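Enquirer: Generate coordinates for the sequence data below:
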Amino acid sequence: MQHRAPRNVHGRHRRTTPLHSHRAPREPIADKGRYAVAAALVAGVGVAGVSATGDSTSPAGAVAKSSAQTSATAPASPAATTSATTTASAAPTPSASPSAAITSAAGAAAGSATGSVATGPGASAADTGTAPGDALSFIPQLRKAKPLPQWVNPMPEGTVTSCFGQRWGRLHAGVDIATASGTPIRAAGAGIVVSAGPEQGYGNAVLIDHGNGYLTHYGHMSEITAKLGQRIKPGDEIGKEGSTGHSTGPHLHFEVHQGSYKNPIEPTQWMHEHGVDIPGCVSF
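Expert: As a prediction, this is how the structure comes out:
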């Protein structure tokens, strides 16, 4: 009599159902629900957590799952709360493909890792996690404006018709510059208007003290636009060209005085030394 069962016959003590497995079933990430990715990101798992959610059978997935469980027990910080709000809105919709869901989650995780959550045009400093001063740090700085010149030609449109020196038996104390009547006359430099009005043979005239020991004088104006005591910048309009006073035609009579009024010096040479050329009199 044979007491041993034949080897090729299934015994009654052999298990006929498969053993219980503790492994999670290998099913697509999209089937687990659209909130699985967001939950992993909130727990701080990052991209590794997303991979672990999709495939917990790999060693990396097991480590990520353990990190997620540990992080889930820690109290949430304000930054994590903000990240949760944004990443939840970034979670894929049910109609999205698994690859699209992973790509979207990875992008959100990268933003969370760097501390910036929203970077769109309408994102505020609170959304991006940056200070208000840093929000515009990426905008190229504008070039600084060039400083205004200290001295300018009082009437660059004109042409010199008479120079400094003896004329008709007396000193011609300035330079005559002629152009169309009514052309604006500009202050040669910054200063204070110390005289503005009719002045004997100069007609309508303006005197400016530049505060550096020099004064400039402008005569024969048809109109005075500067006011007595007004502070003037280089190039400011002070009047219009004309032919008032002792004049034979529309022109500007321009003088430079050193120390005090009635102490004239050659104006075009002085202007050249201060960076402005008025050609027609002195060879530079």
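Enquirer: Just checking: what are the partner strands of the lengthiest strand in the chain?
Expert: Using DSSP state E, we find that the single longest strand of the chain is strand 214-224. Paired neighbours of strand 214-224 in the sheet (DSSP bridges): strand 204-209 (antiparallel), strand 237-241 (antiparallel), strand 252-258 (antiparallel).
Enquirer: What residues sit buried inside it?
Expert: For strand 214-224, the neighbour count (16 or more other C-beta atoms under 10 Å) marks 214-222, 224 as buried. C-beta here means a position set from N, CA and C on the backbone, and glycine is covered the same way.
Enquirer: ok, then the element right after that strand?
Expert: Going down the chain from strand 214-224, the next helix or strand is strand 231-232, by DSSP states H and E.
Enquirer: Surely Y202 touches G239?
Expert: No: using C-beta atoms under 8 Å, Y202 makes no contact with G239, being 11.8 Å away.
Enquirer: which one of the two has more residues nearby?
Expert: G239 (24 against 21; other C-beta atoms under 10 Å).
Enquirer: On the pLDDT front, check the more buried one for me.
Expert: Here the pLDDT value assigned to G239 is 98.
Enquirer: Show me what it is bridged to.
Expert: When assigned by DSSP bridges, G239 has beta-bridge partners I185, I224.
Enquirer: Relative to G197, how far out is it?
Expert: Distance, G239 to G197, using C-beta to C-beta, to the nearest Å: 11 Å.
Enquirer: Overlap in contacts, these two.
Expert: Common neighbours of G239 and G197 (criterion: C-beta atoms under 8 Å, 6 or more residues apart in numbering): 204, 224.
Enquirer: Check which residues of stretch 238-255 are buried.
Expert: 238-245, 247, 250-255.
Enquirer: For H172, state which of those residues is nearest.
Expert: Proximity of the buried residues of stretch 238-255 to H172, judged by C-beta to C-beta, is greatest for H253, which lies at 8.8 Å.
Enquirer: wait, the closest one sits on T216?
Expert: No: H253 lies out of contact with T216 (C-beta under 8 Å); the separation is 11.3 Å.
Enquirer: sorry, back to before: need the max-distance pair from the buried residues of strand 214-224.
Expert: Maximum pairwise distance among the buried residues of strand 214-224 (C-beta to C-beta): 25.9 Å, between Y214 and S222.
Enquirer: my guess is P154 contacts A188, does it?
Expert: Yes: counting by C-beta under 8 Å, P154 touches A188, with 5.0 Å between them.
Enquirer: Show me the beta-bridge partners of the nearest residue to Y261 once chain neighbours are set aside.
Expert: With sequence-adjacent residues excluded and distances taken as C-beta to C-beta, 6 or more residues apart in numbering, Y261 is closest to L215, at 5.8 Å. Applying DSSP bridges to L215 yields these beta-bridge partners: D209, H257.
Enquirer: Identify the residue nearest D176 in space, chain neighbours excluded?
Expert: Counting by C-beta to C-beta, 6+ apart, D176 lies nearest to S162, which is 4.0 Å off, once chain neighbours are set aside.
Enquirer: no no, E237
Expert: Excluding the flanking residues, the one nearest E237 by C-beta to C-beta, 6+ apart is P184, at 4.7 Å.
Enquirer: What is the neighbour count of that neighbour?
Expert: 16.
Enquirer: so who does it touch?
Expert: Residues counted as contacts of P184 (C-beta under 8 Å, 6+ apart) are 155, 237, 239-241.
Enquirer: Ok, H253 next?
Expert: Counting by C-beta under 8 Å, 6+ apart, H253 has contacts 174-176, 202, 217-220, 247.
Enquirer: is it in a bridge, and if so with what?
Expert: Beta-bridge partners for H253, by DSSP bridges, are D176, G219.
Enquirer: okay, it: pLDDT?
Expert: Predicted confidence (pLDDT) for H253: 97.
Enquirer: same question, P198
Expert: On pLDDT, P198 comes in at 96.
Enquirer: quick one on the thing from earlier: closest to H272 out of the buried residues of stretch 238-255?
Expert: F254 (13.6 Å).
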